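> Take this sequence and fold it.
(one chain, ligands or ions: 1)
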Amino acid sequence: MKFDLIIKNGLVILENGEQNVEVGVKDGKIAAIGHDLGEATKVIDAENQIVSPGMVDAHVHITEPGGGYRDGWEGYETGTKAAAKGGVTSFIEMPLNQVPATTDKASIEVKFEAGKDELAVDVASYGGLVPYNLNGGIQELDEAGVIGYKAFIATCGDRSIEGDFQDVDDYSLYEGMKQIAKTGKILSIHSENAAITDRLGQIAKENGETTLSAYVDTRPVFTEVEPIRKIILFAKETGCRVHIVHVACEEGVDEVVKAQQAGVDITCETCTHYLYFYKEELDDIGPVVKCSPPIREKSRLEGMWNRVLNGDIGFVTSDHSPCTPDLKATDNAFEAWGGIAGLQNNVDVLYDEGVQKRNMTLKRFAEIIATEPAKRFGMYDKGSIEIGKDADFVFIKPDSPYTLTEADLEYRNKMSPYLGREIGAQVTRTILRGQEIYNQETGVADIRSGRFINY
Ligand SMILES: [Zn+2]
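Residues are numbered from 1 along each chain as shown. As a prediction, the model looks like this:
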């Protein structure tokens with residue numbers, strides 16, 4: 001066979017670990033793995049590079065369309081370019097922040113139209129579970145091909161904007177889970193107690209608190225753990241498969257693991273920023289690092305890392321959730337928008353912090369960035385370097401520190417809490433279904449070969 005592409009001389013992360021092998025690509029798929037594969041139209045020399053499956057980032061917010069309210073926020077073109085540059089070959093996009101929120105057939109079609117011919121990487125879409133889409137919306141989204149559903153237990157959305165996202169009350173969570181159980185898809189949930197975090201935040205604000213550190217204190221660990229317990233109970237009752245997004249504390253992870261052991265179909269993720277930043281430095285960084293659940297104490301970092309290394313935390317996401325700069329331009333942490341731009345710095349930061357600093361195996365690295373999210377959400381063409389899968393790769397140059405600058409960022413708004421940080425590894429090339437979409441020398445290719453993936 002003459003291949004379209006052969007990748008040579010790289011250290012390739014296969015399902016059972018890394019090997020020095022060649023990978024042959026034909027028609028966008030991985031067609032051969034071995035030695036001396038023969039001829040190809042194009043040969044890429046990956047000497048001194050790690051060849052990993054492209055990242056599958058299961059948690060990304062693209063705010064397009066903004067509906068006249070959030071028009072300057074992240075778009076499909078800039079968001080997917082940043083993904084390409086960061087080694088993310090596919091991501092799962094969230095149903096909120098864009099206006100209208102993705103809650104039925106009409107609103108998901110608006111989104112597909114907004115991203116048409118704009119995508120640099122592949123995009124799967126979440127549908128929302130909100131109190132107002134229980135009369136057919138869930139079923140319409142299933143038919144439209146959503147990969148799963150997202151709900152908020154934590155206050156969410158702007159009630160003054162028609163069609164904005166909303167958090168669930170207990171009844172709509174219960175009823176929605178019954179409906180989602182019938183689709184066989186997964187419900188992913190933002191888990192924080194709304195009443196307590198809202199009230200503690202209001203009291204702190206009234207008391208004149210303005211720091212990020214004070215903000216963290218208004219969202220204590222138990223307010224994250226309590227709704228996880230409720231979700232587990234509801235999952236047992238309804239049979240709905242569930243996933244807890246962005247768990248930020250060890251206690252939350254441990255609840256999920258106990259439920260798994262009791263036979264509940266539940267998983268959890270954490271985000272790169274919960275494995276990197278810590279509470280004691282937040283006020284030096286500023287509102288760009290504000291998110292919820294909040295980034296917690298330094299003393300918790302290694303506990304979270306241990307749970308990534310041992311598999312209790314299934315995988316890691318960016319929860320890329322940027323806004324416009326004006327919404328971060330305040331000295332009052334309680335008034336700043338909560339959300340971190342991180343899509344472009346998952347692969348390099350996790351490689352440096354995990355593999356280089358904490359001896360994570362390359363096999364586990366590939367699992368947390370690609371294999372596990374792809375498996376959990378049924379993205380069977382993605383997630384590992386195996387014959388028959390999509391030829392999606394990221395090349396990583398290890399032990400090559402660089403300092404992130406604004407000019408590096410592909411985001412629509414050039415904000416990131418990682419700016420000025422030295423990161424000890426670099427993404428040098430990204431390949432989507434056999435096509436080079438990013439090269440460190442030439443930048444992001446303007447071929448827009450990404451697709452919406454329907455399930
Ligand atoms: Zn999110």
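> switch to C-alpha atoms for all contacts and neighbour counts from now on
Noted.
> Can you tell me the element the residue most central in space within the chain falls in?
Residue closest to the average C-alpha location in the chain (C-alpha atoms, centre = their mean): residue 59, at 2.8 Å. For residue 59, the host element (DSSP states H and E) is strand 55-60.
> what sits up against that strand?
The contact list for strand 55-60 (C-alpha atoms under 8 Å, 6 or more residues apart in numbering) reads 87-94, 316-321, 343, 347, 369-371, 373-374, 382-383, 393-394.
> what do you get if the cut-off is 6 Å, keeping everything else the same?
Identification of contacts with strand 55-60 by C-alpha atoms under 6 Å, 6 or more residues apart in numbering yields 88-94, 317, 319-320, 369-370.
> Next step: those restricted to strands.
Using DSSP state E, the subset of these located in strands is 88-93, 317.
> Tell me who's in contact with the residue nearest to residue 298 when sequence neighbours are not counted.
In space, and not counting its chain neighbours, residue 298 is closest to residue 278: 4.9 Å by C-alpha to C-alpha, 6 or more residues apart in numbering. Each residue near residue 278 by C-alpha under 6 Å, 6+ apart is listed here: 295-298.
> and if you look at residue 336?
By C-alpha under 6 Å, 6+ apart, the contact set of residue 336 is 327-328.
> host element of it?
Per DSSP H and E: residue 336 is located in neither a helix nor a strand.
> three-state assignment of residue 67?
coil (DSSP: H, G, I helix; E, B strand; the rest coil).
> State whether it and residue 99 are indeed in contact, as I suppose.
Yes - using C-alpha atoms under 6 Å, residue 67 makes contact with residue 99 at a distance of 4.7 Å.
> Which one of these two is surrounded by more residues?
Legend: neighbour count by other C-alpha atoms under 10 Å for residue 67 and residue 99, higher for residue 99 (24 against 17).
> how close does that one get to residue 158?
Distance of residue 99 to residue 158, given as C-alpha to C-alpha, to the nearest Å: 11 Å.
> again, but for residue 98
Relative to residue 158, and taking C-alpha to C-alpha, residue 98 is found at 11 Å.
> Give me the neighbour count for residue 144.
18.
> still on that earlier bit, which among the contacts of residue 278 gets closest to residue 187?
residue 295 (23.8 Å; C-alpha to C-alpha).
> Over to the closest one. Which of the three states is it?
Put simply, residue 295 is coil when judged by three-state DSSP.
> gap between the two ends of stretch 206-220?
End residues of stretch 206-220 are separated by 18 Å (C-alpha to C-alpha).
> likewise stretch 295-310?
Using C-alpha to C-alpha, the end-to-end distance of stretch 295-310 comes to 21 Å.
> What of stretch 36-56?
End-to-end span of stretch 36-56 (C-alpha to C-alpha): 29 Å.
> Repeat that for stretch 153-163.
Terminal residues of stretch 153-163 lie 18 Å apart, using C-alpha to C-alpha.
> next one: stretch 307-322
27 Å.
> Which positions in it come out as buried?
By 16 or more other C-alpha atoms under 10 Å, the buried positions in stretch 307-322 come out as 307-309, 312-322.
> try stretch 94-112
Neighbour counts over stretch 94-112 (16+ other C-alpha under 10 Å) mark 94-105, 107-108, 110-111 as buried.
> which pair in the residues you listed spans the largest distance?
97 and 105 (17.2 Å).
> all helices for this protein, in order.
76-86, 105-115, 137-144, 170-183, 194-206, 212-217, 221-238, 250-261, 279-285, 301-309, 347-350, 357-358, 362-366, 372-376 (DSSP state H).
> So which of those helices is nearest residue 402?
Among the helices of the chain, the nearest to residue 402 by C-alpha to C-alpha is helix 347-350 (10.1 Å).
> How about residues contacting stretch 313-329?
57-61, 73, 268-272, 287, 307, 336-337, 339-343, 368.
> where's the closest residue to residue 3 other than its chain neighbours relative to residue 438, distance?
Leaving aside its sequence neighbours, residue 3 sits nearest to residue 40 (C-alpha to C-alpha, 6+ apart; 4.4 Å). Distance of residue 40 to residue 438, given as C-alpha to C-alpha: 20 Å.
> what's the answer for residue 355, then?
To residue 438, residue 355 is 23 Å away according to C-alpha to C-alpha.
> With residue 59 instead?
21 Å.
> try residue 158
According to C-alpha to C-alpha, residue 158 stands 37 Å off from residue 438.
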